[in-house]
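A.B. asks: A structural model of the following input is requested.
(one chain, ligands or ions: 1)
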Amino acid sequence: MSFTFSDALAPMNGSATRNIFKLLGRPEIISFAGGMPARDCLPVKEIAQCCAEIFADPAEAIRCLQYGATEGVPELREEIIKLAGDVGITGLGHENVQILSGGSQGLDLLLKAFVNPGDIVLVEDPTFLGFLSTVRSYSARALGVRTGDGGFDLEDLEAKIKKYRPKLIYAITTFSNPTGRTHSAANRKAQAELASKYKLILIEDDPYGRLRYEGTPVPALKSFDQTGQVVYVSSFSKTISPGIRAGFALGHEDIIRKLNIGKQGTDLHSSNLTMMAVARYLQKGYFYPHIEKSIPVYRGRKNAMMEALGRYMPGEFRFTNPEGGLFIWGEADAKIDTQELFSEAMARNAAYIQGSVFFANGMGANTLRLNFSNESPERIDAGIRVLGDLFKETIAARY
Ligand SMILES: Cc1ncc(COP(=O)(O)O)c(C=O)c1O
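C.D. replies: As a prediction, this is how the structure comes out:
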């Protein structure tokens, strides 16, 4: 059969990561490819209790099973306003909060609200693959800005703003996917000022910021926003559960109203069961202790991966050493093509994501992303040893 799909979606074949996920079900594969929370860090008992309480109360049960408001249940918006204070975002009212079916929906709705076909969107190089795909689905174009340890190269950012007149800027400010890097406070402030000066929308995407294992927290970029140009998007996917699909956007009320209109056409409103269960989870005080319990698990896995990288990887590789989040980024000063080597890595039962998929222009053949959250320290050691051997053999054969 041949179908005539839209110009925007016809050339898209699904993201590399989601395609790889299908191959990863085999237990013998040690996977550093995903971005899933650890099994042990999913709060099964607490979420079950919150759901049971909702259905034990007849009025709550009906409210849960009926249609609801697009902006989301008020008790969850209330809790989110309190959480926002932790990252320095204050002065919010309910009109500044939109509940989302995962942070991805916020990215989609913001693009739906602001970009037209052919518009330019500035992103970090490298950036979140899901965002690049969504930009393409709106026939807009993502353009990479040089990014290092402390955030954007501000000269490159301003030069590209002037040259390309982008509609918006997208920044993953804390423990980025894919690099694990964090933007400094000064870099965030400068970005907020540039967004204000050039009247650009800046999306601050922050699903990982609460998973800090070491170092000092940095205030949200949104906290430096004086003019309402910054929209903060976050998610409970990495702190509670990705399967329940709960996220939120915080921003100027005019922007939130537009997201609300966009959401009406997408899913009308997020699942009441999810929103009400998450609100209860927060009200009952389960959130912070659960994160406190998860952090040592992730810290242990990150340290296991850093140690294994030091032990087994060839000297040509450099890796980030993130203070939190779920990813480590590797870059080789050698002609290593991580896409080409992927099938051999899989044949040896180890998986990663080739770094090139995270670049707006497909560069980065010598880079890779490693996720450490969903494998035990023992399997991390074994898997990195496999990859180290593969890369060493490849370098030895070529030089
Ligand atoms: C940077 C970034 N933003 C957004 C998301 C979307 O997460 P969700 O839709 O599950 O909230 C992810 C998920 O991996 C991510 O890494």
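A.B. asks: what are the ranges of the helices in the stretch 151-300 of the chain?
C.D. replies: 154-164, 185-197, 253-266, 272-283, 287-312 (DSSP state H, counting those that start in this stretch).
A.B. asks: list the buried ones in the third one?
C.D. replies: This means helix 253-266. Buried residues in helix 253-266, counted by 16 or more other CB atoms under 10 Å: 255-256, 258-260, 262-263. All C-beta atoms are positioned from the backbone trio N, CA, C, and that covers glycine.
A.B. asks: quick one: the helices of the stretch 151-300 of the chain as CSV, columns for distance to the ligand too.
C.D. replies: Formatted as CSV, the helices of the stretch 151-300 of the chain follow (distance: least, CB to the nearest ligand atom, whole Å):
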stretch, distance to the ligand
helix 154-164, 19
helix 185-197, 16
helix 253-266, 13
helix 272-283, 12
helix 287-312, 15
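A.B. asks: just those: most buried one?
C.D. replies: helix 272-283 (a mean of 22; mean count of other CB atoms under 10 Å).
A.B. asks: residues in contact with that helix?
C.D. replies: Helix 272-283 is contacted from outside by 43, 46-47, 50-51, 53-54, 60, 63-66, 68, 72-73, 75-76, 78-79, 82-83, 99, 101, 236, 240, 244-246, 287, using CB atoms under 8 Å, 6 or more residues apart in numbering.
A.B. asks: what distance separates that helix from the centre of its chain?
C.D. replies: When distances are taken as CA atoms, centre = their mean, to the nearest Å, helix 272-283 is centred 22 Å away from the chain's centroid.
A.B. asks: what does stretch 97-109 give?
C.D. replies: Between the centre of stretch 97-109 and the centre of its chain there are 12 Å (CA atoms, centre = their mean).
A.B. asks: swap in stretch 269-287?
C.D. replies: Worked out by CA atoms, centre = their mean, stretch 269-287 lies 21 Å from the chain centre.
A.B. asks: pull the CA atoms of that stretch into PDB?
C.D. replies: Output of stretch 269-287 as PDB, limited to C-alpha atoms (Å, rounded to 0.1, in the frame of the first residue of the first chain):
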ATOM      1  CA  HIS A 269      -6.800  17.300  29.100                       C
ATOM      2  CA  SER A 270      -4.300  15.100  30.800                       C
ATOM      3  CA  SER A 271      -5.600  11.900  32.500                       C
ATOM      4  CA  ASN A 272      -7.500  12.900  35.700                       C
ATOM      5  CA  LEU A 273      -6.300   9.700  37.400                       C
ATOM      6  CA  THR A 274      -2.700  10.700  36.700                       C
ATOM      7  CA  MET A 275      -3.100  14.300  37.800                       C
ATOM      8  CA  MET A 276      -5.100  13.500  41.000                       C
ATOM      9  CA  ALA A 277      -2.700  10.700  42.000                       C
ATOM     10  CA  VAL A 278       0.400  12.900  41.500                       C
ATOM     11  CA  ALA A 279      -1.300  15.700  43.400                       C
ATOM     12  CA  ARG A 280      -2.000  13.300  46.300                       C
ATOM     13  CA  TYR A 281       1.500  11.900  46.100                       C
ATOM     14  CA  LEU A 282       2.900  15.400  46.500                       C
ATOM     15  CA  GLN A 283       0.400  16.500  49.200                       C
ATOM     16  CA  LYS A 284       1.200  13.400  51.300                       C
ATOM     17  CA  GLY A 285       4.900  14.300  51.300                       C
ATOM     18  CA  TYR A 286       6.100  11.300  49.300                       C
ATOM     19  CA  PHE A 287       8.000  13.300  46.700                       C
END
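A.B. asks: within range of the ligand, give me the residues from this structure.
C.D. replies: 35, 102-104, 128, 130, 172, 177, 205, 207, 235, 237, 242, 247 (CB under 6 Å from any ligand atom).
A.B. asks: in strands, which of the residues you listed appear?
C.D. replies: 172, 205, 235, 247 (DSSP state E).
A.B. asks: just give the nearest non-adjacent residue to the first one, would you?
C.D. replies: If the residues on either side of it in the chain are set aside, residue 172 comes closest to residue 205, at 4.8 Å by CB to CB, 6 or more residues apart in numbering.
A.B. asks: restricted to strands, list the contacts of helix 272-283.
C.D. replies: Using DSSP E, the contacts of helix 272-283 in strands are residue 99.
A.B. asks: what subset of the contacts of helix 272-283 is buried?
C.D. replies: Buried among the contacts of helix 272-283 by 16+ other CB under 10 Å: 43, 46-47, 50-51, 54, 64, 68, 72-73, 76, 79, 83, 99, 101, 236, 240, 244-246, 287.
A.B. asks: in the helix or strand hosting residue 394, what counts as buried?
C.D. replies: Per DSSP states H and E, residue 394 falls inside helix 377-398. For helix 377-398, the buried set under the neighbour-count rule, 16+ other CB under 10 Å, comprises 377, 379-388, 390-392, 394-395.
A.B. asks: could I get the pLDDT score of the closest residue in space to residue 201 that isn't next to it in sequence?
C.D. replies: Spatial nearest neighbour of residue 201, excluding adjacent residues (CB to CB, 6+ apart): residue 168 at 4.1 Å. Confidence at residue 168, expressed as pLDDT, is 97.
A.B. asks: ok, now residue 8?
C.D. replies: So residue 8 comes in at 81 (pLDDT).
A.B. asks: contact partners for the residue nearest to it when sequence neighbours are not counted?
C.D. replies: Sequence neighbours aside, residue 139 is the residue nearest to residue 8 in space, at 4.7 Å (criterion: CB to CB, 6+ apart). The contact partners of residue 139, by CB under 8 Å, 6+ apart, come to 7-8, 117-118.
A.B. asks: sec struct for residue 315, please.
C.D. replies: Following DSSP: H, G, I helix; E, B strand; the rest coil, the label given to residue 315 is coil.
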